[in-house]
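S.K.: Sequence first, then the predicted structure, then my questions.
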Amino acid sequence: MSEEAPHAGSDLSDHGRQHKFVAAGCGLFVMMMVGASYAAVPLYKLFCQTTGFAGTPVRATAGPSAVADRAFEIRFDSNVNGVPWRFQPEAASVSVKAGAVTTIYYKITNAGPSEVTALASYNVTPEAAAPYFSKIQCFCFSAQTLKGGQTLELPVVFFVDPAISEDKQLDSIASITLSYTFFPAEQPAKPIARAGTAAEKSKL
């Protein structure tokens, strides 16, 4: 009996090492999955901005070289969710020709007493028009921070790609709606290159 005790202790030690190995593996797996989920968010957003998937307008660096005759009514929708902001476009809609680079302004006022940082989600309807709706400059590209009572007028520079006329399924589309919703940012971030400040000064 005394000779079997070391063997039992050795088995328990082996089982303990196995449990620790399994626990460590599970912990590593969870960490990898969490990291992948965080990485997936910006990658998914970049994919949508590049392709127009899920109604996301395409991000562009410059406008087209030519303007087409086909015109569209661009409607602007503004919403807030969980932030004490007043948020509205300078005009409910504008008429633009495909290929024409257009600038409109949105006014944002923090109606609360404290500083708030928020992000704007955005989409285009009808969704099929999203790949042809491109934005060169937009407050939605980064988080915006407003002090209590502060007001900013921020630009959106966009165009409708003339290539939309080549998509026969969109021949009947005469209007496109660009919709924004501001919601609280998880972490504070600087406003987009102080574009709002410059726009505000140009309005005064």
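M.R.: Everything's here; your move.
S.K.: So which residues make contact with stretch 67-80?
M.R.: For stretch 67-80, the external contacting residues (CB atoms under 8 Å, 6 or more residues apart in numbering) are 86-89, 91-100, 102, 104, 106, 118, 158, 160, 162, 164-165, 173-183. All C-beta atoms are positioned from the backbone trio N, CA, C, and that covers glycine.
S.K.: Drop anything exposed from the residues you listed.
M.R.: Buried members of those, scored by 16 or more other CB atoms under 10 Å, are 87, 89, 93, 96, 98-100, 102, 104, 106, 118, 158, 160, 162, 164-165, 176-182.
S.K.: Out of these, list just those in strands.
M.R.: Counted as lying in strands by DSSP state E, out of the buried ones among the contacts of stretch 67-80, are 87, 89, 93, 96, 102, 104, 106, 118, 158, 160, 176-182.
S.K.: remind me which residues of the chain are low pLDDT?
M.R.: 1-56, 187-204 (pLDDT under 70).
S.K.: just the helices in it please.
M.R.: Counting by DSSP state H, the segments of the chain that form helices are 5-51, 195-203.
S.K.: Report the residue ranges of every domain in this structure.
M.R.: 1-51, 58-203 (automatic domain parsing).
S.K.: is residue 77 in a bridge, and if so with what?
M.R.: residue 179 (DSSP bridges).
S.K.: change the start of the numbering to 52 and stick with it
M.R.: That works, and once the first residue is 52, the last one we named lands at residue 128.
S.K.: For residue 157, see how far away it is.
M.R.: Distance check for residue 128 against residue 157: by CB to CB, to the nearest Å, it reads 11 Å.
S.K.: what sits in contact with each of the two?
M.R.: By CB under 8 Å, 6+ apart, the residues touching both residue 128 and residue 157 are residue 231.
S.K.: need the contact list for residue 170.
M.R.: The neighbours of residue 170, taking CB under 8 Å, 6+ apart as the test, are 191, 194-195, 233-236.
S.K.: before we move on, what about residue 184?
M.R.: Counting by CB under 8 Å, 6+ apart, residue 184 has contacts 103, 108-109, 175, 209, 211-212, 227, 229.
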